[in-house]
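>>> Have a look at this fold, sequence not included:
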């Protein structure tokens, strides 16, 4: 959120803006607001029953988190990465998250590791994981990857991955990491990463996370390419 605007906004506006930000963020991540779709203040104001002031604050936050973008002569729209941009995003994620896993193996506390185990136990009982669909990664502390980055105890990594890239990664991970046996394989990979972190094996934790993100990248890219192909065929 723009700092000057945030300072000038009333507590009521900030509270409403926070609520609408989370509603819109969730709608974007789940694909209810499709990538590339145009969004307008009047339309959103009508949908969410909120005045323009709080809505503008919420949209500034979405833009800061790279979930919406302003396009000249078009207006605001939900971000839509090209294949090249998606590959670049996963390149960055692979490098930084593997580094985070290595540092987590060196610095994570017993309590933090137990928290990771609890997250996996929670995920294991999710119905969508059992049915072979993508289990919805919860935001913040309940997110497996988020916790490992936090466990690196490296403030620069936390800023880059949890503030700058977190929501964009979460969007593509949620929308394009579903189906087949990938969710179950990813779940097993999560356990192995935690095992390495718990053992304090920094080198193995880094390697396993790199392989894990690389596998996720291949899966997401394949599904994204298939989606683009279907869209192209539908317009011909």
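Perfect, I can see it now. All values reported here derive from a predicted model rather than from experimental measurement.
>>> Which strand or helix spans the most centrally placed residue in the chain?
The chain has residue 170 as the residue nearest its centroid, 1.6 Å off, counting by Cα atoms, centre = their mean. Element membership of residue 170, judged by DSSP states H and E, is helix 166-176.
>>> pLDDT on that helix, on average?
Averaging pLDDT along helix 166-176 gives 77.
>>> Against which helices or strands is it packed?
If contacts are counted by 3 or more Cβ pairs under 8 Å, 6 or more residues apart in numbering; DSSP states H and E, helix 166-176 sits against helix 11-29, helix 83-107, helix 202-234. In this view, the C-beta of every residue, glycine as well, is placed from N, C-alpha and C.
>>> on that earlier part again, show me the contacts for the residue nearest to the residue nearest to the centre of the chain when sequence neighbours are not counted.
In space, and not counting its chain neighbours, residue 170 is closest to residue 29: 5.7 Å by Cβ to Cβ, 6 or more residues apart in numbering. Neighbour list for residue 29: 167, 170-171, 174-175 [criterion: Cβ atoms under 8 Å, 6 or more residues apart in numbering].
>>> before we move on, back to that, how far does the helix holding residue 170 sit from the chain's center?
Helix 166-176 sits 4 Å away from the centroid of its parent chain (Cα atoms, centre = their mean, to the nearest Å).
>>> What is the subsequent helix or strand relative to it?
Defined by DSSP H and E, the subsequent element after helix 166-176 is helix 182-198.
>>> Tell me how this structure divides into domains.
Following the TED database, the chain resolves into domains at 16-78, 83-230.
>>> List the residues that contact the closest residue to residue 107 other than its chain neighbours.
Using Cβ to Cβ, 6+ apart and skipping residues adjacent in sequence, the residue nearest residue 107 is residue 153, 4.4 Å away. By Cβ under 8 Å, 6+ apart, residue 153 lies in contact with 103, 107-108.
>>> is it true that residue 220 touches residue 174?
No. If you go by Cβ atoms under 8 Å, residue 220 and residue 174 don't touch, sitting 10.1 Å apart.
>>> of those two, who's got more company?
When neighbours are counted by other Cβ atoms under 10 Å, residue 220 and residue 174 differ, and residue 220 comes out ahead with 22 against 18.
>>> Please tell me how far that one sits from residue 91.
Using Cβ to Cβ, to the nearest Å, residue 220 is found at 13 Å from residue 91.
>>> cool, and residue 39?
To residue 91, residue 39 is 29 Å away according to Cβ to Cβ.
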